[in-house]
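In: attaching a predicted model along with its sequence, questions to come.
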Amino acid sequence: MKTCFGHFLAFFLLAATATNLQAQSGSIDLAFGENGYVKRNIGNGGQFHGLLLQTDGKIITLGKNFSPAFKISRFQANGENDNSFGSDGTVTFLDISAYCLSGGLLPDGKIMLAFGKSPSSSNNQDELKLLRLNTDGSIDNSFGLDGSVVIPNTGILNQCAERIHVLSNGDMILIGGKAEDGNAIHVVRVKANGTLDESFAQNGVLSINLTGGLGKIMSSFQAPNRIAIATTATSLNKLSVFRIFDNGV
């Protein structure tokens, strides 16, 4: 698993530098990292969950392991560790139990992380958690309570907030679903301050019901105001692609 993650991460880092290739198109950029590769050991059961590209060319990777722990790393445009970020280029969050992690770059350069949070035993609600980081990887304590916000009743159960799209005004659209017996994709719009935008769809949440099980969710923002979403019906071997407006209509 460690080896698989290393190569998977290296592939994405190579893709991130594709625009800087000076040699023949499609060749490996040997000036990046070590002979064109950067590898990072993320720990037992390491998984790659996302890639963010800053406007200055720096690369942020999102990963997790079975500890459980989230690991957020940042690299210079040439593949070297960015030691101004976290500890030796990596920020680690321990004891976070969630299968999926997603992130987005905010207009001011801060980093928003999103993931499902296990329902508390007291209220048994589906909860979505947001965590905001400063540009140096430290927690932004000006956001919510000690840098985080918990939003209940989104339908994104403790597993998968799989995609986050940051709008030009700082609002965010998050897309996820239930990994446990779930057949619906849930789209949530959150204001820049972390509160649910209840003007979006039905009290801030748009639920799209599917049949045949729910597979991996992928999405892409289409300017100026649309989002394309794709997933698979796992028991039917079918691909579903649809498009929504960013106001939930």
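Out: Perfect, I can see it now. Numbers count the residues shown, from 1 in each chain.

In: any weak-confidence spans in the chain?
Out: Within the chain, the stretches with pLDDT under 70 are 1-24, 45-46, 68, 95-99, 116-126, 155-161, 178-182, 234, 249.

In: so how far is Gly63 from Lys129?
Out: Plainly put, Lys129 is 17 Å away from Gly63 if you go by CB to CB, to the nearest Å. Heads up, the C-betas are built off the backbone N, CA and C, glycines and all.

In: give the contact list for Asp197.
Out: Applying CB atoms under 8 Å, 6 or more residues apart in numbering to Asp197 gives the contacts Asp171, Arg189, Val190, Lys191, Gly204.

In: not counting its neighbours along the chain, what's nearest it?
Out: In this structure, Asp197 finds its nearest non-sequential neighbour in Arg189, 4.3 Å apart by CB to CB, 6 or more residues apart in numbering.

In: and the one you found, how many neighbours does it have?
Out: Counted by other CB atoms under 10 Å, the residues lying close to Arg189 total 22.

In: and the residue nearest to Val149 when sequence neighbours are not counted, how far from Ala77?
Out: Nearest residue to Val149, sequence neighbours excluded (CB to CB, 6+ apart): Gly194, at 3.5 Å. Distance of Gly194 to Ala77, given as CB to CB: 31 Å.

In: quick one: which of those two has more around it?
Out: For Gly194 versus Ala77, neighbours defined as other CB under 10 Å are more numerous around Gly194 (19 against 16).

In: tell me where this structure has helices.
Out: Secondary structure of the chain (DSSP state H): helices at 2-16.

In: so for it, the centremost residue is which one?
Out: Residue closest to the average C-alpha location in the chain (CA atoms, centre = their mean): Ser102, at 1.4 Å.

In: who is it paired with across the strands?
Out: For Ser102, the beta-bridge partners are Ala114 (DSSP bridges).

In: from Leu30, how far out is it?
Out: Counting by CB to CB - Ser102 and Leu30 are separated by 32 Å.

In: Phe85 too?
Out: In this view, Phe85 and Leu30 are 25 Å apart by CB to CB.

In: neighbour-wise, which of those two wins?
Out: Legend: neighbour count by other CB under 10 Å for Phe85 and Leu30, higher for Phe85 (24 against 13).

In: so what's that one up against?
Out: So, once contact is read as CB under 8 Å, 6+ apart, Phe85 ends up touching Ser73, Arg74, Val91, Asp136, Gly137.

In: and Asn183, how close does it get to Gly215?
Out: Between Asn183 and Gly215 the computed distance is 11 Å (CB to CB).

In: swap in Thr90?
Out: Per CB to CB, Thr90 is found 30 Å from Gly215.

In: hang on, Thr231 packs against Thr211?
Out: No. Using CB atoms under 8 Å, Thr231 is not in contact with Thr211, being 11.7 Å away.

In: out of those two, which sits in the busier spot?
Out: Neighbour comparison, Thr231 and Thr211: the larger count goes to Thr231, with 23 against 11 (by other CB under 10 Å).

In: bridged to the more buried one, which residues?
Out: Ser240.

In: re earlier: so the residue nearest to the centre of the chain is in contact with Leu113, correct?
Out: Yes. With contact defined as CB under 8 Å, Ser102 and Leu113 form a contacting pair (7.4 Å).

In: overlap of the contact sets of these two?
Out: Joint contacts of Ser102 and Leu113 (CB under 8 Å, 6+ apart) are Leu62.

In: how far away is Thr55 from Thr231?
Out: 30 Å.

In: same deal with Asp171?
Out: Counting by CB to CB, the gap from Asp171 to Thr231 is 23 Å.

In: kindly report the same for Thr135.
Out: Counting by CB to CB, the gap from Thr135 to Thr231 is 33 Å.

In: also Gly194?
Out: 26 Å.

In: do the same with Ser73
Out: Between Ser73 and Thr231 the computed distance is 28 Å (CB to CB).

In: CA atoms only for stretch 207-226, dumped as PDB, please.
Out: C-alpha atoms of stretch 207-226 as PDB (Å, rounded to 0.1, in the frame of the first residue of the first chain):
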ATOM      1  CA  SER A 207     -29.900  15.600  -2.700                       C
ATOM      2  CA  ILE A 208     -29.700  13.600  -6.000                       C
ATOM      3  CA  ASN A 209     -31.200  10.100  -5.600                       C
ATOM      4  CA  LEU A 210     -29.700   7.300  -7.700                       C
ATOM      5  CA  THR A 211     -30.300   3.600  -8.100                       C
ATOM      6  CA  GLY A 212     -27.900   0.700  -8.100                       C
ATOM      7  CA  GLY A 213     -25.500   1.900  -5.400                       C
ATOM      8  CA  LEU A 214     -23.100   4.800  -5.200                       C
ATOM      9  CA  GLY A 215     -19.500   4.600  -6.500                       C
ATOM     10  CA  LYS A 216     -16.700   7.200  -6.700                       C
ATOM     11  CA  ILE A 217     -17.900  10.700  -7.100                       C
ATOM     12  CA  MET A 218     -16.100  13.100  -9.400                       C
ATOM     13  CA  SER A 219     -17.000  16.700 -10.300                       C
ATOM     14  CA  SER A 220     -15.700  19.800 -12.100                       C
ATOM     15  CA  PHE A 221     -16.700  23.400 -12.000                       C
ATOM     16  CA  GLN A 222     -17.800  24.900 -15.300                       C
ATOM     17  CA  ALA A 223     -17.700  28.700 -15.400                       C
ATOM     18  CA  PRO A 224     -19.600  30.800 -14.800                       C
ATOM     19  CA  ASN A 225     -22.100  28.900 -12.600                       C
ATOM     20  CA  ARG A 226     -22.400  25.200 -13.300                       C
END
